[in-house]
Every structure is written in structure tokens, then in C-alpha cells.
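Visitor: this is a predicted model, with the sequence first.
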Amino acid sequence: MTPRTRPDLESVPAYVPGRSFPGAVKLASNETTLGPLPSVREAIAEAAAGLNRYPDNGATELLAALSARLGVPTDRIAVGCGSVSLCQELVQVTCNAGDEVIFAWRSFEAYPIITAVAGATAVKVPNTPDHGHDLKAMLAAITDRTRLIFVCNPNNPTGSLLSRAELEEFLDAVPEHIVVALDEAYFEYVRPAPGEDLPDGLEIAEGRSNVVVLRTFSKAYGLAGIRVGYAVADPSLVTALSKVHTPFSVNSLAQTAAIASLAAAPELLARTDGIVAERERVHAALTAAGYEVPESNANFLWLPLGERSAAFADAAAEAGVVLRNFTGEGTRVTIGDPHENDLFLDFATKQGREVA
Ligand code: PMP
């Protein structure tokens, strides 16, 4: 029988999110442990009264609020149903079948999937031995078919950070017809080393019309469940994104929640200091327990356990702590609240002793 669906999809895996089970501590999806602020919950509850109407497809108020916060005109901003949908839309607006998308590997799990779904070809450039982007090799991977490059900064799942100087040198070398997406889902957790500039994509993108900055309300703003992210890009790219955008996919509750969260931005961003302090504490404790743990600039740590990764994550789940396993490569642990982190550290230090 003639296949009903595209034969090439057979080899494409579905995205597998971090799982959990009742009673477990979930440190698997880089969420925040704290729920939305009362002001955000109230705004969502009020907006629920209007759910008989379609949402504002142009997200006018949200764009205005983002424009005021970021100092960027509204015609340079697009919103999406999570920044992952903006990643997907970027592939759609740049790639025909057979075109190439370059990204570091390992990086965000969705990049190869959305690339394959568009019929484009993923060009995975292995990370450096210290788990960061190999920008030289990424430049060398550019061909006539390259249309899009994802640069995830900080990188998920390794937490590595590219400096502003490294990024600028890279961007200067990328031909202007190739779109570069700076995926800054974890930007709010970045604390540059003393003497280093903050590698702020919005500043770096100034005067570079092929650079798109992607950010999300899912992480530092604590709204992973409601699905809203945004892109800052050249107006021509924003127009292209609007053409492939699934109509009404940023729902009214999501728009309201994002606006209310922007109004509470100082309070929400102050929370990231607590996560960063916990990140450093967990990092130090793991290192003291004998683990190799790369520095992280995000709300997670990467344990490059190689072949031991799956067994480690399974044993953690048995101990009631759900982590994210990347079989054969490593385990990623989200930084939770101090109690959750202590539960993980209890497990990891015991496990470390058993392994040693
Ligand atoms: N980019 C990166 C690097 C991520 O890790 C994630 C979420 N895991 C996303 C984008 C997508 O986030 P969301 O769709 O929730 O905005």
C-alpha cells in the first residue's frame, strides 16, 4: 500500500520530554520549582472569563510590553507557543527540503527533530572536549546549502557559555544570507566571569540583520506550563515568521500571563540569584564528591558520565529524584530549591562513593 504519511518521517523520533512520577522530585526539565506569583495567577484567572473569544493573533499588548521592557520596536518582535515553536518556524521560513541547518551537538534535543520534520538536513558539529560550542568547526561546516545556524547560549544540556567576543567574531564570519538563531532560553541565569561582558544577544544582534534572538517565559519567568516565548529579529524575518505561525497558537491566558510576568520582572529575575547560588553550591558539592562537572551558566548542571549515565539516572529515579538521561553521554540535573537539591546531593554523594 502507498504509505499515508511521509516515508522520511519514519526515522524521525518524537520529542521525549522529561518524565516524572507522583511523589518524585523532578529535576528533569529545567523548570522553576516556585509557581507563578499571585499577581500572575490573578491575571490568568481574570483572563479566563474571556475564553469564549479567540486570542489576539497579533499579541498587540504583549508586543508592546516586550517592546517597553527590551527597548526594541514591536516590528522586531514575534511571539510563539514557547520558544521551541519559534525554533520550528525559523526552520520553516529558511529551509527548503535538502537545505542544511548547523548546530552544536550535543545541544537542545528539538533542533534535529524540527530540522528533519522540515525535510532539511541537520549538520551536527561535536562540542569541544570542555563541552562548549566549537565555533571554528561550525564555521567550517557552512556549505552552499546552509540556511540556518542555531547557537544555544548557554548551551542545553552542558551549561557552557560563549563570550561576547567569541560570538561577535563568529557572527562576523557567517555570510549574511544565513540566519543565526541565538537561543537564549537560559539567558537570565548567566553570570559572566569577572572582567567578561554579558553576552547579551540583543546587543550583539544590533546592526546584524541575520541574527535572531530567542527567549522564553518558561524558565526564569516560571511559566513553562502556559507556553510562550519570543524572538527579536529583523522586521523582514518577523513578517516571514508570521506567515508560518499557527494562527492563535499563543493563547489568551499565555499572553496575559506573560504581560503580568513582565510587570513583575524585577521580582521574578531576583529569584534567579537564588538559583545561581544553589547552582554554585551543588556544583561545589558534586566536585568535592569526585564528579567532573563543567561550569554552568544555566539552571542545570551537566554530568558527563558517558556509559554510566543511564544507570545513574535510573538509580536516582529509584531514590525519588528524576533527572534527564542522555544515554552514553551524560545526565543533566536541574537546580531546584535547596531541599530538592539536598535530596539529589544525598543520592549523588552516596552513588559517587559506590562508584569510586
Ligand atoms: N531552547 C532551549 C535551549 C531549551 O532548552 C528549551 C526548553 N527546554 C527551549 C528552547 C524551548 O522552551 P519553550 O518552548 O518552553 O520556550
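Guide: Good, I have the coordinates.
Visitor: need the nearest residue in space to the residue of the chain found nearest the ligand, chain neighbours excluded.
Guide: Scanning the chain for proximity to the ligand using CB to the nearest ligand atom identifies residue 82 as nearest, at 2.5 Å. All C-beta spots, glycine's among them, are computed from the backbone N, C-alpha and C. Excluding the flanking residues, the one nearest residue 82 by CB to CB, 6 or more residues apart in numbering is residue 227, at 4.5 Å.
Visitor: for the one you found, give me the pLDDT.
Guide: Looking at residue 227, its pLDDT is 98.
Visitor: surely residue 330 touches residue 310?
Guide: No. Residue 330 is beyond contact range of residue 310, at 10.3 Å (criterion: CB atoms under 8 Å).
Visitor: these two: who's more crowded?
Guide: A count of neighbours by other CB atoms under 10 Å puts residue 330 above the other of residue 330 and residue 310, at 24 against 15.
Visitor: which residues does that one contact?
Guide: Neighbour list for residue 330: 157, 158, 302, 303, 304, 305, 306, 309 [criterion: CB atoms under 8 Å, 6 or more residues apart in numbering].
Visitor: hang on, the earlier thing: and the residue of the chain closest to the ligand, what does it touch?
Guide: 216, 218, 227, 228, 229.
Visitor: ok so, going back, now the residue nearest to residue 82: how far from residue 131?
Guide: Here residue 227 is placed at a distance of 29 Å from residue 131 (CB to CB, to the nearest Å).
Visitor: let me see the confidence value for the nearest residue to residue 64 once chain neighbours are set aside.
Guide: Closest residue to residue 64 apart from its sequence neighbours, by CB to CB, 6+ apart: residue 74 at 6.4 Å. At residue 74, the model reports a pLDDT of 98.
Visitor: same deal with residue 145?
Guide: 98.
Visitor: next one: the one 10 residues further on
Guide: The score at residue 155 is 98. That number is its pLDDT.
Visitor: which SSE is it in?
Guide: Per DSSP states H and E: residue 155 is located in neither a helix nor a strand.
Visitor: residue contacts, residue 133?
Guide: 104, 125, 127, 151, 152, 153, 155, 160, 162.
Visitor: coming back round to it: does the residue nearest to residue 64 touch residue 67 like I think?
Guide: Yes. Contact criterion CB under 8 Å: residue 74 and residue 67 qualify, at 4.7 Å.
Visitor: now the buried members of the contacts of residue 330.
Guide: 157, 158, 302, 303, 304, 305, 309 (16 or more other CB atoms under 10 Å).
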